[in-house]
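Novice: Coordinates for the following, if possible.
(2 chains)
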Amino acid sequence: MTASELQQYLDFAYIAAVVLFILSLRFLSSPTTARWGVLAGEIGAALAVVATLFNPEVAQYKWVLIPLIIGAGVGIPLGMVHMTAVPQRTALSHAFGALSAAMIGIAEFYVGTVPVTRFQMGEIALEVIIGSLTFTGSLIAAGKLQEILPQRPIVYRGQNIVSLSVLGSALGLAVALVVNPAHATLFPVMVIVALIFGVLLVTPIGGADMPTVISLLNSYAGFSAALLGFVLNSKVLVVAGALDGSSGFILSLIMCKAMNRSFTNVMFGAFGQVQTSAAAAKEERVVRSATPEEAAAILLAANKVVIVPGYGMAVAQAQHKVRELYDALTKKGVDVRFAIHPVAGRMPGHMNVLLAEADIPYDRLIEMDEINGDFPQTDVALIIGANDVTNPAARTDQSSPIFGMPILDVDKAHTVMVIKRSMNPGFAGIDNPLYYLDRTLMLFGDAKQFVGGIVRELGGGH
Amino acid sequence: MPADFISNLYVFILAGFVGFEVIKRVSPLLHTPLMSLTNALDAIVVVAAIIIAGRHETRLTTVLGAIAVAASFSNMVGGFVITDRMLRMFKSGRSKQS
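Specialist: Next up is the predicted model:
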C-alpha cells in the first residue's frame, strides 16, 4: 500500500468517526435511545484512534502507548465517581481537554520544521490562549465545586480592570508574535499570562453561577479543539470541536436565560456581594414551622404533590430518602411529581441525574415551563434545598438582584412546605418572601433527616 | 489567506449548524450526560496528540504530546464510562414496572 492510499483509508476512518459522532448526539434526543449514542460515540472514537496508530508519521510507539495506558488508568476511576461528584468531575474534564489542546498547540509552535507564517502564528496563539485560560479556569471551577476552594465569590476593588488588563496583555503578546514570529521568547510569556487570566476569570464567580460557568468552559474547551483543527488542518478536530463548542454554547444560553442574566453579567457581575445590606432588615417577620408528623399528615391529605429539589438536596445527599418519600406517597395514592428548574444545582441537568440515580422514573421529572401552569392545582409544593429558584421577589420586587429571573411558581400551590436548615438567607444572600406567606410552613432541619422523619411517619421507612 | 483555512472554515460553520440543530433537540433531562458525552467526543484531539508524541521530533514536543495523549485519552475513556453509567439510571415509570 502506498502512502497516499494509506492516507485515504485514514481519511475514510475519520469521516466515519465524524458521522458516528453526529449520530451519537442525535440518539441523545430521547432517554430511550440515549445509550445507543454512547455506543456510536465509542465506535467512532475507537475507529479514529486505531486508524491514527497506523499513521506513518507515528515513528515511535513508546511515548504513545505509555500515555494511552496512563490516560485509561486515570480516566476509568474518573468515570466511576459517585453521582454527587459529577459537577466537579465535569469541570476537571474540561480542564483536561483544554490542557491537551493547549499542549498540542505549544508543541506545534516548537516543532519548527516548517517556518511559521503570520497567519499560522495567529491561529496557534489564539488556540493556545483559549486552551490555557480554559485549563486554569476549569481547575478553579473544579476546586470550588469540590469545596477545596471557597464557593463564595472572591472579589476585590478594581477586579475587572485587573482581569481585563491581564487578558489584554495576553492578546497584545499574541499580536506581537504575529507581527514578528521570530520573537519566540514572547511565546511562553503569553502562555503564562493566559494561564493567570483563567484563574482571575473564575475566582470571582460564586457557586450559584456554576451551571453557566461550566457550560461556558465547556464551550471554550470545544472551540479550542476546533481551532486546533485549523492549526493542524484536521477536519475531524474541527467537527468534534464545533459540536462540543456549540453544545456548551447552547447550554450557556439556556442557563443565562434561566437566570435572566447576560454572559457579561455572569463573568463580571460577581453575584451575591450586592446583597449584604438587604439581608439586615429581616428577622422580625413571623414564620410558621411544622414537625415531621404535621408535614406527613398534610402530605397524606393531598392529592397532588410537587417536590422542588435544589442544591441543598445534593449537599445533604437526601435523594435516596426523597425516593422513599416518593414511594410511600405513591403507594397511598398521592400523585407526586418533581419540578426541575434549569439552574437548580451546580450544572445543567444536575437534579435529574441525582433523582435518576435514586431510581425515580424520569417521566416524573418535569421542566419548569411545563409544570408552572399546574401549581394552582397543586395541594402541596415541597421544597427541598432550593431557594432562589422559588423566590417570588423575582416576579415582583424590582430592587431584587434576581428580578426578572424565571422561577417555579410554588407560591401558587395551596400549601408550601420548605425544608431548610435555618432562616439564613440562601447562597446569594437574598431574602425569600415565600417563607413569610400564610400558606407556607417551614420545616427546619437537615434535608436527609427531615425527609427520613416524614417517611417514618408515613410508615414507609426501613 | 491559505486555502486550507477556507475549507476548514466551511467545515466548522456547517458542523456548528449541525451541532446546534442536533443539540437543541436534546431533552433538558439529559443535559448532564450531554455535557459528559460531548466531552468524550471532544477528546478526539487525542489523534493529534498521538501524532505529535509519535513523531518524536524533539524532547520538548514529545513530552508535550505525551501529556496531551494521557489527558485527552482519560477524558475519552472516562467520559464514555460516566455517560453510560448516567444513562443507565434513567428509567421510565412504565419500563420499571414491566
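Novice: Residue A:49 reaches residue B:50, doesn't it?
Specialist: Yes - the criterion here is CB atoms under 8 Å, and residue A:49 meets it with residue B:50 at 7.3 Å. For glycine as for every other residue, the C-beta is placed from the backbone atoms N, C-alpha and C.
Novice: Those two - which one has more neighbours?
Specialist: residue B:50 (29 against 19; other CB atoms under 10 Å in any protein chain shown).
Novice: what sits against that one?
Specialist: Contact analysis of residue B:50 by CB atoms under 8 Å, 6 or more residues apart in numbering or on different chains lists A:49, A:52-53, A:55, A:58, A:64, A:68, B:65, B:69.
Novice: hmm, try it at 6 Å
Specialist: Residue B:50 is in contact with A:52, A:64, B:69, counting by CB atoms under 6 Å, 6 or more residues apart in numbering or on different chains.
Novice: do you know how far the last one is from residue A:376?
Specialist: Yep, that's residue B:69 we're talking about. Distance of residue B:69 to residue A:376, computed by CB to CB, to the nearest Å: 57 Å.
Novice: returning to what we had before: quick one: which of the contacts of residue B:50 has the most company?
Specialist: If you count neighbours using other CB under 10 Å, the busiest of the contacts of residue B:50 is residue B:69, which has 32 neighbours.
Novice: Name the nearest residue to that one, ignoring sequence neighbours.
Specialist: Spatial nearest neighbour of residue B:69, excluding adjacent residues (CB to CB, 6 or more residues apart in numbering or on different chains): residue A:67 at 3.8 Å.
Novice: The one you found should be in a helix, yeah?
Specialist: Yes - assessed with DSSP: H, G, I helix; E, B strand; the rest coil, residue A:67 lies in a helix.
Novice: what comes up buried for the helix ranked longest in chain B?
Specialist: For chain B, the longest helix by residue count, based on DSSP state H, is helix B:59-89. Buried residues in helix B:59-89, counted by 16 or more other CB atoms under 10 Å in any protein chain shown: B:61-62, B:64-87, B:89.
Novice: what do you get for stretch A:314-327?
Specialist: So, applying 16+ other CB under 10 Å, buried residues of stretch A:314-327: A:314-316, A:318-327.
Novice: Kindly report the same for stretch A:175-195.
Specialist: Residues A:177-178, A:181, A:186-187, A:190-191, A:193-195 are the ones in stretch A:175-195 that count as buried (16+ other CB under 10 Å).
Novice: Which stretches in chain A count as strands?
Specialist: A:304-309, A:335-340, A:365-367, A:380-384, A:415-420, A:440-444 (DSSP state E).
Novice: Can you say which of those strands is packed in most?
Specialist: Most buried of the strands of chain A, by mean neighbour count (mean count of other CB atoms under 10 Å in any protein chain shown): strand A:380-384, with a mean of 28.
Novice: who's in contact with that strand?
Specialist: A:299, A:302, A:305-309, A:313, A:390, A:410, A:413, A:415-419, A:447.
Novice: how about a cut-off of 8 Å?
Specialist: Counting by CB under 8 Å, 6+ apart, residues outside strand A:380-384 touching it are A:298-299, A:302, A:304-310, A:312-313, A:318, A:322, A:339, A:375, A:390, A:410, A:413-420, A:447, A:451.
Novice: Closest to the centroid, which residue in chain A?
Specialist: residue A:347 (2.9 Å; CA atoms, centre = their mean).
Novice: What is the burial count for the nearest residue to that residue once chain neighbours are set aside?
Specialist: Taking CB to CB, 6+ apart as the measure, residue A:347 lies nearest to residue A:87, with 4.4 Å between them; neighbours along the chain are not counted. Neighbour count for residue A:87, taken as other CB under 10 Å: 27.
Novice: mind giving me the domain split of chain A?
Specialist: A:60-268, A:280-458 (automatic domain parsing).
Novice: Give me the mean pLDDT for the longest one.
Specialist: Averaging pLDDT along domain A:60-268 gives 91.
Novice: Distance from that domain to the middle of the chain?
Specialist: Chain-centre distance of domain A:60-268: 15 Å, with CA atoms, centre = their mean, to the nearest Å.
Novice: what does stretch B:80-98 give?
Specialist: 22 Å.
Novice: outside of it, which residues touch it?
Specialist: A:31-32, A:34-35, A:37-38, A:41-42, A:45, A:75-76, A:78-81, A:83, A:86, A:89, A:352-353, A:356-357, A:359, A:361-364, B:29-30, B:32-33, B:36-37, B:40.
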